[in-house]
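Enquirer: Kindly generate the corresponding structure for this input.
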Amino acid sequence: MTQVLPDQVQLDHASSLTLLDRVRVVPGRREVYRGEWQGQGVFAKIFLGKDALKYAKRDADGIAILQQEHIATPKLLHAGTGTMHSGELVQVIVLEEIKNSKNIEELWPTLKPKARLELAKKLVKVIALHHDADIIHTDLHLKNFLVTDDFVYTLDGDGIRQYAGLTYKRALHNLAEMVSKFDALEQAEWLQQLLDAYHTIISWHLPMGAEQVASLANHYRLKAVNNYANKVFRNCTDVSVSQSTSAFQAWSNAFDLPKDLDLDALLESGARLKSGKTCTVGLAEIAGKQIVIKRYNIKDLAHAFSRAFRPSRAAVSWGNAHRLKLLGIPTAAPIALLETRKFGFLRGKAYFLTEFINVPDAMEFFAQTQDKGARTDAVKNICTLFYRLYLLQISHGDMKATNIKMQGTQPALVDLDAMRQHRRTCLKAHVRDLRRFMQNWKNQPALYNAFVKTFRAIYANARPLELAGVFENVAR
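Expert: Have a look, this model is predicted:
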């Protein structure tokens, strides 16, 4: 259903603000619109609820700090009270529209690696300008920075804090949090260049070292990913949750599917992909979409008791799928998690629904593909995926070739119920993943050795490969 926007907001000095497109919503707190005011394009933030005045003032104060320190940010054109078409009083901030601009989050995927590096340097220099002015941005997301040909603009005055004297430690942590927003592979490759760019603006008596910043960046990345993986078990922007004493359901808002499905009947009538005592997998068509239904079964009373107080394997898969999604690692899109329960907390059968990826797995891909260029690209992309997982401290737990789907020459991971995010080191688990993966190719010497050669070219640290026994020309 298309939502009709409130066309006009009357501001407190009798002028009218026209709302055109809604850009963002924080339910019950804030709405952001593209609009028109006094003949010019603007962006308007509308603050709702009992704390509207506090948050509007904090946002306006943050913008004023940036402007005072000559840090590029959209001009504040108006701040005050407004009246919605419903008669509701709200707080409104009106900002100039920066023409021909995009926020970095939407621009980033469209850029080639060299252009991304140059933009990352510009962004780090903006962070250095913040620090040089004793400013910390407390909400460091790529969408909070706007790019034109000439400038990087800082957005979100609500996240701006200025200190009487910014400490080295606070600046170090803030820079590391910004660096954590980049891909782990790009961070590893770029970090020294980013630090050099930072130090063209500001130098501390204790130089920020690459190893220290990398460690902190990994900490912040892990924190953000864990927060998101936990958030998808409650109502949020991406997920809708319902719960009763007999069931728990979480549905992705990206899919408009009926919520009253008989999943057992769909499994029985659809194509069976896997049958087992603890897991049944089938393919069903729901609302015109091919959906994979994975049901985790309860074998007996002892099994039921052992699973009752732990997260279900379906819940683990649901959280891990969203974890990979946030990290930009391809996987089957998660659609729903459904758990049967007794007394509201004892878990029974559980279901995990994903979009069907109708592509060959890695074993099928290499059996079917004779093109040398495509095979070489696929080997490189798979090896790069492994190294990215290692840098991210993630182990898959079951690296059979059938659990890697090939979308062209790009790998996507499936079967995520054994996947784990490690807090400190995942070396042993990663070595197990490597060993299991290489077993897939033990009877194909040329492919085995192609993987060995590529792994050793990609890994900056060869220790995981050595522990896994990944040596060139082992297979004959």
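Enquirer: Same question for the helix or strand harbouring Arg221: list its buried residues.
Expert: Assigned by DSSP states H and E, Arg221 falls within helix 210-231. By 16 or more other CB atoms under 10 Å, the buried positions in helix 210-231 come out as 213-214, 216-218, 220-222, 224-225, 228-229. Every residue, glycine included, has its C-beta placed from N, CA and C.
Enquirer: Specify which member of the residues you listed is nearest to Pro411.
Expert: Val225 (19.8 Å; CB to CB).
Enquirer: in what helix or strand does Ala164 lie?
Expert: Judged by DSSP H and E, Ala164 forms part of no helix or strand.
Enquirer: What is the neighbour count of it?
Expert: 5 (other CB atoms under 10 Å).
Enquirer: likewise the one 4 residues further on?
Expert: When neighbours are defined as other CB under 10 Å, Tyr168 has 13 of them.
Enquirer: Number of residues surrounding the closest residue to it other than its chain neighbours?
Expert: Computed as CB to CB, 6 or more residues apart in numbering, the closest residue to Tyr168 that is not its neighbour in sequence is Trp204, at 5.0 Å. Trp204 sits with 14 neighbouring residues when counted by other CB under 10 Å.
Enquirer: quick one: Trp204 and Arg323, what's the gap?
Expert: Distance, Trp204 to Arg323, using CB to CB, to the nearest Å: 34 Å.
Enquirer: Check Val126 too.
Expert: From Val126 to Arg323 the distance is 29 Å (CB to CB).
Enquirer: can you tell me how far Asp59 sits from Ser101?
Expert: 19 Å.
Enquirer: and if you look at Leu337?
Expert: 38 Å.
Enquirer: returning to what we had before: touching the helix holding Arg221 from outside, list them.
Expert: For helix 210-231, the external contacting residues (CB atoms under 8 Å, 6 or more residues apart in numbering) are 172-173, 175-177, 179-180, 184, 187-188, 191-192, 195, 239, 319-320, 322-323, 326-327, 392-393, 421, 423.
Enquirer: Out of those residues, which end up buried?
Expert: 172-173, 175-177, 179-180, 184, 187-188, 191, 195, 239, 319-320, 322-323, 327, 392-393, 421.
Enquirer: lowest-confidence helix or strand of the protein?
Expert: helix 301-308 (a mean of 60; mean pLDDT, DSSP states H and E).
Enquirer: and which of the buried residues of helix 210-231 is nearest to Leu467?
Expert: Of those, the one sitting nearest to Leu467 (CB to CB) turns out to be Asn218, at 20.6 Å.
Enquirer: Show the model's pLDDT score for the closest one.
Expert: In the prediction, the pLDDT value recorded for Asn218 is 94.
Enquirer: Likewise for the one 10 residues further on?
Expert: In the prediction, the pLDDT value recorded for Tyr228 is 94.
Enquirer: likewise Phe343?
Expert: 63.
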